[in-house]
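**Student:** any chance you could fold what I've pasted below:
(2 chains)
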Amino acid sequence: MTIPSETTDPPVATAPAASGGELVGRSPGQLMWRRFRRDPTGMISAVIVLFFILVAVAAPLISTLYGKDPYTTYGQDRPGLLNDFGFPLLPNGGMSSEFWFGIEPGLGRDVFMQLVYGIRTSLLIALAATIATTLIGIVVGIVAGYVGGRTDYFIGRVIDVLLSFPSTLFIIAFMPVLENLMVKPEEETPVWLRATALIIFLTVFGWAGLARLLRGNVLSLREREFVEAARVTGASPARIVFKELLPNLWTPILIQSTLLLPALVTSEAALSFLGVGMIEPTPDWGRMFLRGTEVYTDDITYLMFPGIALLIFVVAFNLLGDSVRDAFDPKIRR
Amino acid sequence: MLRFLTRRSLGAAFILLIVAAVTFFLFFAVPGDPARLACGRVCPPETLAQARHNLGLDQPIFVQFVEWVFGIFAGRDYEGLGHCPAPCLGYSFVNREPVFNTIVDRLPVTLSLTIGSAIVFLIFGIGTGIIAALKQGKPLDKIASVSSLIGASVQIYFVGTLAMYFLVFQWQVIERPRYVPITEDPIGWAYGLMLPWVVLAIIFTANYTRMTRSTMVEQLGEDYVRTARAKGLSARTVVMRFALRGTLTPIVTIFGIDLAGLIGGAIITETTFSLQGIGRLSIQSVLNSDLPMLMATVLLAATAIVVLNVIVDALYAVIDPRVRLS
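**Tutor:** Residues are numbered from 1 along each chain as shown, chains lettered A, B, ... in the order given. Just a heads-up that it's a prediction; the model follows:
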């Protein structure tokens, strides 16, 4: 992409005009990208986030190169790795040149592979929930703000109720109920059912905040002259929503969903930690936490890996969200 | 003010009724029979039917809900089980006593955890925030924003477990967290909950420091502060009585959210430190399929959120008389 130099830059050899370079029209997206590129924190956190995504996507490749998979119970299959109590014999959780991040206590699986594949699970669930949450939030927010009246009142009360719901507690309580309904007692819960249930629950309790925010934005946009002008020229409601309102809402939508994703990753991890997240044998960070807190008095190393990985991921994502906000909306000073 | 409070309380009660109804219908409409739990392991059909009748489970779900709601205000009688006095949230089949008794038993643990840590992080957060604003110290400011970012990104079950590992098991600086009623032994109470308080404070303090600092700096530049200074008031009075008051509004907002989060999120904190509060109670009742108990814990958490919302909105007007309640 050839982005012309800024007008304030010293004129390059090709632009001899004394009045400064030629004026260039730039789209808001281009402006945003230019501002974002100059923000070192944002760029670094974007690289870290991309690294996590890359690891998630390339997990099978990493597995092939590393020569292990997240399911084989190396510690149980091979003597000399775990002691009689199921804890790694080597210090620091059994870290060695062969098992980089050590061995899981008990089952004896490879921690590095668990971590790498765990990103996949966490990211996939959080991403799906973020997309669903954002879509519902956009639709409901615009409808409430644009239609107004009784619809707005009704939606407002639904949002009130949802925001008052103790969501974590409710999900924990309702997960077994749902499984009672969907799965016969003699069968095992399929992994896809748990994943879908998690995505749905996170979405159901997630959209209300975004919808309320967008409703407020739509309410103020609706009264602006350009919307009035569009209405006077006979634009259909669909045109007003898609061509007039939506382009003005992309900024809050993008900012909110960048901040929503890490929040959902931690929510999913917390639910797994409480025992209603992903089930064995699917690798999952939250369940690593659960196992880690069970064995921490004997093997603290196992807890450190998901702990530090999640911390880096969430910090990077939060910083990225802040930088996106600054790039989109330079007027906001934090 | 009174009108505002009445209106908002009615609204809050309505929201709670809906939360209760949704939870009730979702939990009780599904297969799984509370009467079987009440009846015991060996359960002849006629005893089961009797238990079902005694608990009112043979009635339509809607009637059951209405009876449950009335029970909260008027109490109710369970045939063969005895009377359940006024705030009757149901009868626990697992504990064989009214749900309310267990809640009253466990609530002090959660409240001590919440209020204790709130006091710690409010004092430290606002205190360091004021100092940072007055000194305009750049290093402290940087430290505060970095640690508030980490505090917001770190997980209680991670830091909490690390703290337990190092402080309790490795270095043995402090004992395992435990709950001693404050009425029995105030020092033991504070000592037993010290570790969870400190861990929660680590997570929350920095956010208050940052918020207090930025708002305080803004307030110190306001005209009314200059007027107060010009009148010859001492620096202490200007900061503590004038500027601090203007700083409180955003703090009250996040404090309301955090407090509700602490009460509702007690599940994770109590699991991490193995304390027997409402959070653990709710997990146990899920495991025991003790639906009435679970209903009560859900309702309690929802009440905390709703009531705190009303209180926060009312406090705005108390702090800043210019705010009109509507």
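
**Student:** what is the neighbour count of B:Leu2?
**Tutor:** 6 (other CB atoms under 10 Å in any protein chain shown). Heads up, the C-betas are built off the backbone N, CA and C, glycines and all.

**Student:** touching the worst-scoring helix or strand of chain A on mean pLDDT from outside, list them.
**Tutor:** With mean pLDDT, DSSP states H and E as the measure, the helix or strand of chain A carrying the lowest mean pLDDT is helix A:91-94 (a mean of 75). The list of residues contacting helix A:91-94 from outside it, by CB atoms under 8 Å, 6 or more residues apart in numbering or on different chains, reads A:75, A:81-82, A:88, A:101-103, A:105, A:111, A:299-302.

**Student:** what do you get for stretch B:78-95?
**Tutor:** Contact partners of stretch B:78-95, identified using CB under 8 Å, 6+ apart, comprise B:34, B:37-38, B:50, B:53-56, B:68, B:71-77, B:97-100, B:102-103, B:285, B:288, B:290-293, B:295-296, B:299.

**Student:** surely A:Pro281 and A:Tyr71 touch.
**Tutor:** Yes: with contacts defined as CB atoms under 8 Å, A:Pro281 counts as touching A:Tyr71 at a distance of 5.5 Å.

**Student:** from B:Ser282, how far out is A:Met176?
**Tutor:** Actually, residue A:176 is Pro rather than Met. 13 Å (CB to CB, to the nearest Å).

**Student:** pick out the residue closest to the middle of the chain.
**Tutor:** Chain wasn't specified; assuming chain A. Nearest residue to the geometric centre of chain A (CA atoms, centre = their mean): A:Leu261, 2.1 Å.

**Student:** chain B was what I was after
**Tutor:** For chain B, the residue nearest the mean C-alpha position is B:Ile263 (2.0 Å; CA atoms, centre = their mean).

**Student:** in the helix or strand hosting that residue, what's buried?
**Tutor:** When elements are defined using DSSP states H and E, B:Ile263 is found to belong to helix B:244-264. For helix B:244-264, burial by neighbour count (16 or more other CB atoms under 10 Å in any protein chain shown) applies to B:244, B:246-248, B:251-252, B:255-256, B:258-264.

**Student:** so where's the stretch 1-150 of chain A uncertain?
**Tutor:** When residues are selected by pLDDT under 70, those of the stretch 1-150 of chain A lie in A:1-21.

**Student:** max pairwise distance over the buried residues of helix B:244-264: which two?
**Tutor:** Put simply, by CB to CB the two of the buried residues of helix B:244-264 set farthest apart are B:Gly246 and B:Gly264, 29.9 Å from each other.

**Student:** sorry, back to before: okay, A:Pro176 and B:Ser282: which has more neighbours?
**Tutor:** Set side by side, A:Pro176 and B:Ser282 give different neighbour counts by other CB under 10 Å, the larger being at B:Ser282 (28 against 16).

**Student:** list the contacts for that one?
**Tutor:** A:Leu169, A:Ile172, A:Ala173, B:Ile267, B:Met293, B:Leu294, B:Thr297, B:Val298.

**Student:** let me know the pLDDT of it.
**Tutor:** In the prediction, the pLDDT value recorded for B:Ser282 is 89.

**Student:** one more: B:Gln136?
**Tutor:** Reading off the model, B:Gln136 has pLDDT 66.

**Student:** how about B:Ser285?
**Tutor:** The predicted local confidence for B:Ser285 comes out at a pLDDT of 85.

**Student:** then B:Leu26?
**Tutor:** Per the predicted model, pLDDT is 80 at B:Leu26.

**Student:** that one sits in which helix or strand?
**Tutor:** Using DSSP H and E, B:Leu26 sits within helix B:2-28.

**Student:** from the chain's centre, how far out does that helix sit?
**Tutor:** The gap between the average C-alpha position of helix B:2-28 and the chain average comes to 17 Å, counting by CA atoms, centre = their mean, to the nearest Å.

**Student:** with stretch A:156-169 instead?
**Tutor:** On the basis of CA atoms, centre = their mean, stretch A:156-169 sits 21 Å off its chain's mean C-alpha point.

**Student:** name the residues that touch it?
**Tutor:** Among residues not part of stretch A:156-169, those counted as contacts by CB under 8 Å, 6+ apart are A:144, A:201, A:204-205, A:208-209, A:211-212, A:215, A:267, A:270-271, A:274, B:11, B:15-16, B:18-19, B:22, B:264-265, B:267-268, B:282, B:297-298, B:301-302, B:305-306, B:309.

**Student:** just the buried ones from these, in PyMOL syntax?
**Tutor:** Typed into PyMOL, the line below selects the buried ones among the contacts of stretch A:156-169, using 16+ other CB under 10 Å:
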select buried, (chain A and resi 144+201+204+205+208+209+211+212+215+267+270+271+274) or (chain B and resi 15+16+18+19+264+265+267+268+282+297+298+301+302+305+306+309)
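
**Student:** so which of the contacts of stretch A:156-169 are in strands?
**Tutor:** Counting by DSSP state E, no part of the contacts of stretch A:156-169 is found in strands.

**Student:** which stretches of chain B have low pLDDT?
**Tutor:** With pLDDT under 70 as the threshold, chain B has low-confidence stretches at B:29-42, B:51, B:54-55, B:79-81, B:136-138, B:323-326.

**Student:** longest helix of it?
**Tutor:** Ranked by residue count and defined by DSSP state H, the top helix of chain B is helix B:99-135.

**Student:** right, and the helix or strand after the helix or strand harbouring A:Pro262?
**Tutor:** When elements are assigned from DSSP H and E, A:Pro262 belongs to helix A:246-273. Helices and strands here follow DSSP H and E; after helix A:246-273, the next one along the chain is helix A:285-295.

**Student:** for A:Ala197, which residues are in contact?
**Tutor:** With contacts defined as CB under 8 Å, 6+ apart, A:Ala197 is in contact with A:Met175, A:Leu178.

**Student:** where does chain B get nearest to chain A, residue-wise?
**Tutor:** Ranking the residues of chain B by distance to chain A (CB to the nearest CB) places B:Ala301 first, at 3.4 Å.

**Student:** do you have the strands of the stretch 51-200 of chain B handy? List them.
**Tutor:** Per DSSP state E, counting those that start in this stretch, the stretch 51-200 of chain B has strands spanning B:76-78, B:82-84, B:91-92, B:97-98. These are given in chain order.

**Student:** TSV for those, including mean neighbour count?
**Tutor:** Below are those laid out as TSV (neighbours: other CB atoms under 10 Å in any protein chain shown):
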stretch	mean neighbour count
strand B:76-78	16
strand B:82-84	14
strand B:91-92	24
strand B:97-98	20
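
**Student:** which residue packs closest to residue 309, ignoring adjacent ones?
**Tutor:** Defaulting to chain A. Once its chain neighbours are removed from consideration, A:Ala309 has its nearest residue in A:Leu115; the separation is 6.0 Å (CB to CB, 6 or more residues apart in numbering or on different chains).

**Student:** wait, chain B
**Tutor:** Distances taken as CB to CB, 6+ apart place B:Gly256 nearest to B:Asn309, at 6.7 Å, with adjacent residues excluded.

**Student:** so the one you found makes contact with B:Leu308?
**Tutor:** Yes: using CB under 8 Å, B:Gly256 makes contact with B:Leu308 at a distance of 4.8 Å.

**Student:** and the next helix or strand past the helix of greatest length in chain A?
**Tutor:** Using DSSP H to define each element, chain A has its longest helix at helix A:111-147. The C-terminal neighbour of helix A:111-147 among helices and strands, as given by DSSP H and E, is helix A:149-164.

**Student:** pull the CA atoms of that following helix into CSV?
**Tutor:** Backbone C-alpha positions of helix A:149-164 (Å, rounded to 0.1, in the frame of the first residue of the first chain) are rendered in CSV as follows:
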residue,chain,number,x,y,z
GLY,A,149,-41.3,4.3,22.1
ARG,A,150,-42.7,1.1,23.6
THR,A,151,-40.1,-1.2,21.9
ASP,A,152,-37.3,0.9,23.5
TYR,A,153,-38.9,0.7,26.9
PHE,A,154,-39.4,-3.1,26.6
ILE,A,155,-35.8,-3.7,25.5
GLY,A,156,-34.6,-1.4,28.2
ARG,A,157,-36.3,-3.5,30.9
VAL,A,158,-35.0,-6.8,29.4
ILE,A,159,-31.5,-5.3,29.5
ASP,A,160,-32.0,-4.2,33.2
VAL,A,161,-33.0,-7.7,34.1
LEU,A,162,-30.1,-9.3,32.2
LEU,A,163,-27.5,-6.9,33.8
SER,A,164,-28.9,-7.8,37.3
